[in-house]
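Q: Coordinates for the following, if possible.
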Amino acid sequence: MDADTATHLLILGAIAQMPPEDRTLVEACAAEIRHTLKSYGEHGSLALGLVGAEIAAE
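A: From the prediction side, this is the model:
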């Protein structure tokens, strides 16, 4: 298993342990992000990478 797959599984596990209301909010937010990424194409992916790097740097 590569590092990206392991990270994905860890995140899914953390979400699964949340109360149902929190899981619903996370799933709704993820759906909105996916929709936004699809509508912006490559630019959306680059913007997501930027925001992810900003969060990691905090």
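Q: Can you classify the residue nearest the centre of the chain as helix, strand or coil?
A: With distances taken as CA atoms, centre = their mean, Ala30 lies nearest the centre of the chain, 6.0 Å away. Classification of Ala30 into helix, strand or coil gives helix, according to DSSP: H, G, I helix; E, B strand; the rest coil.
Q: i'd like the first residue to be 25 from this point on
A: Got it, the first residue is 25 from now on, which makes the last one we talked about Ala54.
Q: residue contacts, it?
A: The contact partners of Ala54, taken as CB atoms under 8 Å, 6 or more residues apart in numbering, number zero. Glycine gets a C-beta too; all of them are placed from N, C-alpha and C.
Q: one more time with 10 Å, if that's ok
A: Under the criterion of CB atoms under 10 Å, 6 or more residues apart in numbering, the contact partners of Ala54 comprise Ile39.
Q: Then the one 5 residues further on?
A: Going by CB under 10 Å, 6+ apart, His59 touches Gly68.
Q: now do 8 Å
A: Going by CB under 8 Å, 6+ apart, His59 touches no other residue.
Q: Dump the helix or strand hosting it to PDB, restricted to CA.
A: Assigned by DSSP states H and E, His59 belongs to helix 44-64. What follows is the C-alpha trace of helix 44-64 in PDB, where atoms were taken according to Å, rounded to 0.1, in the frame of the first residue of the first chain:
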ATOM      1  CA  PRO A  44     -23.500  10.900  12.400                       C
ATOM      2  CA  GLU A  45     -24.200  14.600  12.200                       C
ATOM      3  CA  ASP A  46     -20.500  15.400  11.800                       C
ATOM      4  CA  ARG A  47     -20.100  12.700   9.100                       C
ATOM      5  CA  THR A  48     -23.000  14.200   7.200                       C
ATOM      6  CA  LEU A  49     -21.400  17.600   7.300                       C
ATOM      7  CA  VAL A  50     -18.000  16.200   6.100                       C
ATOM      8  CA  GLU A  51     -19.700  14.300   3.300                       C
ATOM      9  CA  ALA A  52     -21.700  17.400   2.200                       C
ATOM     10  CA  CYS A  53     -18.600  19.600   2.200                       C
ATOM     11  CA  ALA A  54     -16.700  17.000   0.200                       C
ATOM     12  CA  ALA A  55     -19.500  16.800  -2.300                       C
ATOM     13  CA  GLU A  56     -19.400  20.600  -2.700                       C
ATOM     14  CA  ILE A  57     -15.600  20.600  -3.100                       C
ATOM     15  CA  ARG A  58     -15.900  17.800  -5.800                       C
ATOM     16  CA  HIS A  59     -18.500  19.800  -7.600                       C
ATOM     17  CA  THR A  60     -16.400  22.900  -7.500                       C
ATOM     18  CA  LEU A  61     -13.300  21.000  -8.700                       C
ATOM     19  CA  LYS A  62     -15.200  19.500 -11.600                       C
ATOM     20  CA  SER A  63     -16.500  22.900 -12.700                       C
ATOM     21  CA  TYR A  64     -13.000  24.500 -12.600                       C
END
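Q: Nice, that's everything, thank you.
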